[in-house]
Structures are given as structure tokens and as C-alpha cells.
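Participant: would you be able to build a 3D model of this:
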Amino acid sequence: MKAKITDREIWGIALPIMLGNMAQTVINFTDTAFLGHLGVVALGASMLAGLFYFVFTTVAAGFAIGIQIIVARRFGERNYGRIGVIFQHGAFFVLLLGLLLFSILYFFSDQLLLRLIDSPNIYEASLDYIKYRRFGIAFVCFNFLYRALYVGISNTKVITYSTVIMAVVNILLDYCLIFGNLGFPQMGVGGAAVASLCAEISAFLFFTLYSYITLRKKDYGMFKAHRPEPGLMGSILKISTPTMVQKLFSFSVWFIFFVLIEKMGETATGISSVTRSVYMILITPCFAFSTTTNTLVSRIIGEGDKEQVFPTINKVLKNCMFCTLPILMIVAIFPVQIAGIYTDDLSFAHLVVPSILVICSGTIFQGIGNAYFEAVSGTGNTSAALYLETAILVVYILFILAMTHLTTKVELVWTAEILYGALLGILCSLYMKFARWDKKRI
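Facilitator: Numbering: from 1, shown residues only. Predicted structure coming up:
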């Protein structure tokens, strides 16, 4: 029986995931920081079009979580030879999924965005963004799959490398293409989309080359011809389908959150664009530690040491708060300066401050809630995770609808994040305490 999980082991998994999660955070931060100097329309368009794009990628993210759970379980069982087989079946599915999602974005983006966005200015700028960004969706799907593989086998340092590559490519091309520097054309919002597309492609190329060099000769069965196994594909989909639906539902509701805010006006949309960018930075450690919880819970169960599940969850949460609270304190003390990164308009920066203070509180609740939610998924009972979050999202969206009709203060709408995190933590911790999750077989 394996010894209990140590703080060092938790950080060994969480830190590279944290840096890996920073890939999209850095892209979002860079895009928002540059576009903020073009005005609230550019801010709102990049936010809404970017969220619209990621609604579709969440299907692949959900599938990848299922792959991650199964890979971590086989890794815990020391059944390494099955990992390559699982990955190849996942790659085939992701290829088909990427082509399908691209087709939807290519043929229907204009009509869908027209129905969702009220402001003609934001709508036109959103089209300029999505017409470039949609070409990267297949690469994003494969990047999710690669991250799932490396998290599952607890070799997460490669995610750090891919993040650095994405960040460098995105920052350099944002500088060149948004404003037309260094001889490049001035593309504005479209330039941010092209920069993000190139960053996604660069990460995919790196993951593929790195995997071929480092995993080809190991005992994982990677880069070998494996016969199709309909039974295995069925098992993967049984685990992954609930997480795919859950991620799609969850992120769609998140997108609706911003669609409803857009109807409050262009200024409210600009405020929320900056708030979202800051929030994504604050919550990155929480997502990293919750993903660590998922992996460790699945691995511990695979090792047959179920008694260590709750102590491990609590230890992960302790480390999560240790990492998150100092960042929250800095942001809470200097909110005007933080908002000033995104805009030259001091009066606009002051409008953003109340929402930033709200998300500082929301981050604490999200950290706790997501850790317990990922623990539920880590047990393999992804259907239970889907049902739990669906119930919470219904309350969440009703709260947002009420707030957007009852108040003109954007920060009050953002209190929905506190509600969501609190409900997620309460319901998922009750599930882990009273449900028979230890009987689940995958």
C-alpha cells in the first residue's frame, strides 16, 4: 500500500498544471490588456467572441477529463501498457470532434452571434475575431487531450513548457498584429484572434514532438499500432460523456452570464471583460489544485487506499489557500492599479474596482467548491458530478436573471460567483461524505 500523499507531491502535480492553465489565462490577459487601449467595444467583442468560441471547446475539455480519469486509474494500477491504447482511441474521437466543431463555427457563427449580441458595434468586432479564431479549434481539442495524458501520468512539467511557448507566441503577435507594429498589418480585434490561433498551433506542434521523442520508447504503448476496441471506446465515452455535457452546460451558462451583462450596455460589458480577465488570473491556482484533486483521488482509488481520499482533499485545499490568499490580498489592496493595466481611462478603472473586490471573495468559494467537485469526478462517478452541477447551475442562472433585471450595478451581478462556489462546495462535500462512491468501477 502506497504511503499517504505529501505536500511536495501535491505541489509537484499542481504547479505545472497551474502554469499550464496559465496558457489561456495569459492569452486572455494579453488580449484584454492590449485591446483595452482600443476601447470598450474591442474589450466586449474579444470577451464575448472568445467565450462563444470556448463554449465549443468545452466539449473536448470534458472528453479529456474522462481520458485523464481513466489514464490516472491505469497509472495507479501500474497497468502502463493500456495508456497508449486509451490515448489513441481518444485521439481518433478528438479528430472527428474537432472537424465537427469547426464546421459548426464556420457555417453558423454569424447567425448565432447575431441572435445573442445587441450592440451592432460589438457584433461586427466579434465577427472579425471569430473568423480567424475558429481555425484553431481542432488544435485546442488535441491540446486538451495531451494535457489529460500528462496529468494522468503525473508528468505535468511538459504542460509548463507548452505554456511558455504559447505565451511568447501570443504576446509577440498581439504586439505586432493588434497595433500594426514591426511592419505587420494593424488588425485590431482580428489581430488578437490570429495571435491566439498561432499560439494554439505552436502548443500542438510542441506536444506532438515532445511526446514522440520522450514517450515512444517507454512502456505506455504510445505511437504503436493498436487495434480498435469498441468496448474500450464505449467505456471511455461512458466516463467522458457526462463530463462533456457538464462542461458544455457549465460554460454555456458562463457565456449566458456575459450575454445578459452585454444587454446592460457597452460600459457594463467592458467592466466585465476586465473583471473576467482578473478573475481568470486569481482562479488559476484553484483550477490547478482542483485538477490535482481529481488525479490524486482517481490514483488513490486505483492503488486501493480509499481511506486516504478525504485527508488528501483537505491537504490539497490547504495548499490551494496557501497559494491563493496572498494573491487575493495584493489585488484587494491595489484594485485601481490592477484595473489600470487594462485602460488609460482612470474613471473607467474606478468603475471596475467594485467587481474586482467581489471576485476576490468569489475566488475563495470557487477554490473550495471546485476541489470537492473534482473529487466527485475523480471517483469515476461523472454522472453524479453532472447532476450536482446541473442543479447548481439552474440556481445560478436564475440568480443572474434576477440580478440583471433588478440592478444596474455590475458588481452585484458578479456575486453569482460566490453563490455558485458555495453551493458547489456544500453539495459535493455532502456527496463525498455520504454517497457510496467507493463502489464505482471504471
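Participant: helix, strand, or coil at the closest residue to Met264 other than its chain neighbours?
Facilitator: Nearest residue to Met264, sequence neighbours excluded (C-beta to C-beta, 6 or more residues apart in numbering): Thr404, at 6.3 Å. Placement of C-beta: from N, CA and C, glycine included. Secondary structure assignment for Thr404 (DSSP: H, G, I helix; E, B strand; the rest coil): helix.
Participant: now for Thr404: which residues touch it?
Facilitator: Leu260, Ile261, Lys263, Met264, Val413 (C-beta atoms under 8 Å, 6 or more residues apart in numbering).
Participant: narrow those to those in strands?
Facilitator: Among the contacts of Thr404, no member falls in strands (DSSP state E).
Participant: show me which pair in the residues you listed is furthest apart.
Facilitator: Lys263 and Val413 (11.2 Å; C-beta to C-beta).
Participant: compare the two (neighbour count), which wins?
Facilitator: Neighbour totals were compared for Lys263 and Val413, and Val413 leads with 26 against 15 (other C-beta atoms under 10 Å).
Participant: without its sequence neighbours, what residue ends up closest to Thr57?
Facilitator: Nearest non-adjacent residue to Thr57 (C-beta to C-beta, 6+ apart): Val140, at 4.9 Å.
Participant: can you list the weak-confidence ranges in the stretch 151-300 of the chain?
Facilitator: Along the stretch 151-300 of the chain, the model assigns pLDDT under 70 to residues 217.
Participant: helices of that one, start to end?
Facilitator: In the stretch 151-300 of the chain, the helices defined using DSSP state H, counting those that start in this stretch lie at 157-179, 189-215, 230-262, 266-302.
Participant: any chance of these in CSV, with mean neighbour count and distance to Tyr129 too?
Facilitator: Shown next, in CSV, are the helices of the stretch 151-300 of the chain (neighbours: other C-beta atoms under 10 Å; distance: least, C-beta to C-beta, whole Å):
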stretch, mean neighbour count, distance to Tyr129
helix 157-179, 20, 11
helix 189-215, 20, 5
helix 230-262, 19, 14
helix 266-302, 25, 13
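Participant: need those in JSON lines with distance to Ala14, can you?
Facilitator: Below are the helices of the stretch 151-300 of the chain laid out as JSON lines (distance: least, C-beta to C-beta, whole Å):
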{"stretch": "helix 157-179", "distance to Ala14": "11"}
{"stretch": "helix 189-215", "distance to Ala14": "20"}
{"stretch": "helix 230-262", "distance to Ala14": "20"}
{"stretch": "helix 266-302", "distance to Ala14": "4"}
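Participant: and of the ones you listed, who's closest to Gly76?
Facilitator: helix 266-302 (2.7 Å).
Participant: now do that closest one: distance to the chain's middle.
Facilitator: 7 Å (C-alpha atoms, centre = their mean, to the nearest Å).
Participant: quick one: name whatever helix or strand follows it.
Facilitator: Once the chain leaves helix 266-302, the next helix or strand it forms, by DSSP states H and E, is helix 309-333.
Participant: list the buried ones in the following helix or strand past that next one?
Facilitator: Using DSSP H and E, the helix or strand that follows helix 309-333 in sequence is helix 335-340. By 16 or more other C-beta atoms under 10 Å, the buried positions in helix 335-340 come out as Pro335, Ile338, Ala339, Gly340.
Participant: wouldn't the residue nearest to Thr57 be in contact with Ala60 here?
Facilitator: Yes - between Val140 and Ala60 there is a contact under C-beta atoms under 8 Å: 6.8 Å.
Participant: mutual contacts of these two, please.
Facilitator: Gly98.
Participant: against which helices or strands is the strand or helix carrying Ala33 packed?
Facilitator: Following DSSP H and E, one finds Ala33 within helix 7-35. On a contact count with 3 or more C-beta pairs under 8 Å, 6 or more residues apart in numbering; DSSP states H and E, helix 7-35 meets helix 40-76, helix 137-152, helix 157-179, helix 189-215, helix 266-302, helix 309-333.
Participant: before we move on, the earlier item: need the contact list for the residue nearest to Thr57.
Facilitator: Applying C-beta under 8 Å, 6+ apart, the residues contacting Val140 are Thr57, Ala60, Gly98, Glu200.
Participant: mind checking pLDDT for it?
Facilitator: Note for Val140: predicted pLDDT of 93.
Participant: one step back: rebuild the contacts of Val140 as JSON lines, extending it with distance to Cys428.
Facilitator: Supplementary listing: the contacts of Val140 in JSON lines, determined by distance: C-beta to C-beta, whole Å:
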{"residue": "Thr57", "distance to Cys428": "24"}
{"residue": "Ala60", "distance to Cys428": "24"}
{"residue": "Gly98", "distance to Cys428": "31"}
{"residue": "Glu200", "distance to Cys428": "31"}
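Participant: of the helices and strands packed on helix 7-35, give the one that comes closest to Val352.
Facilitator: Of the helices and strands packed on helix 7-35, nearest to Val352 by C-beta to C-beta is helix 266-302, at 4.9 Å.
Participant: next, the angle from the closest one to helix 7-35.
Facilitator: Counting by axes from the mean of the first three to the mean of the last three C-alpha atoms, to 10 degrees, helix 266-302 points 160 degrees away from the direction of helix 7-35.
Participant: return the distance of the residue nearest to Thr57 relative to Phe206.
Facilitator: As judged by C-beta to C-beta, to the nearest Å, Val140 and Phe206 stand 14 Å apart.
Participant: now do Leu427
Facilitator: 39 Å.
Participant: how much space is there between Cys320 and Ile130?
Facilitator: 34 Å.
Participant: and for Val168?
Facilitator: For Val168 relative to Ile130 (C-beta to C-beta), the value is 24 Å.
Participant: one more: Thr295?
Facilitator: For Thr295, the distance to Ile130 - C-beta to C-beta - is 33 Å.
Participant: just Leu209 next, same as before
Facilitator: Taking C-beta to C-beta, one finds Leu209 at 29 Å from Ile130.
Participant: same question for Thr267.
Facilitator: Distance from Thr267 to Ile130, by C-beta to C-beta: 23 Å.
Participant: could I get the contacting residues of Ile368?
Facilitator: Leu317, Gly421, Gly425.
Participant: also Ser202?
Facilitator: Here Ser202 is in contact with Ile165, Met166, Val169 (C-beta under 8 Å, 6+ apart).
Participant: again, only this time at 10 Å
Facilitator: Phe139, Ser162, Ile165, Met166, Val168, Val169, Asn170 (C-beta atoms under 10 Å, 6 or more residues apart in numbering).
Participant: burial of the first one, as a residue count?
Facilitator: This means Phe139. Phe139, neighbours per other C-beta under 10 Å, totals 20.
Participant: surely it touches Phe206?
Facilitator: No - Phe139 is beyond contact range of Phe206, at 11.1 Å (criterion: C-beta atoms under 10 Å).
Participant: where does Ser347 fall, secondary structure wise?
Facilitator: Going by DSSP H and E, Ser347 is in helix 346-378.
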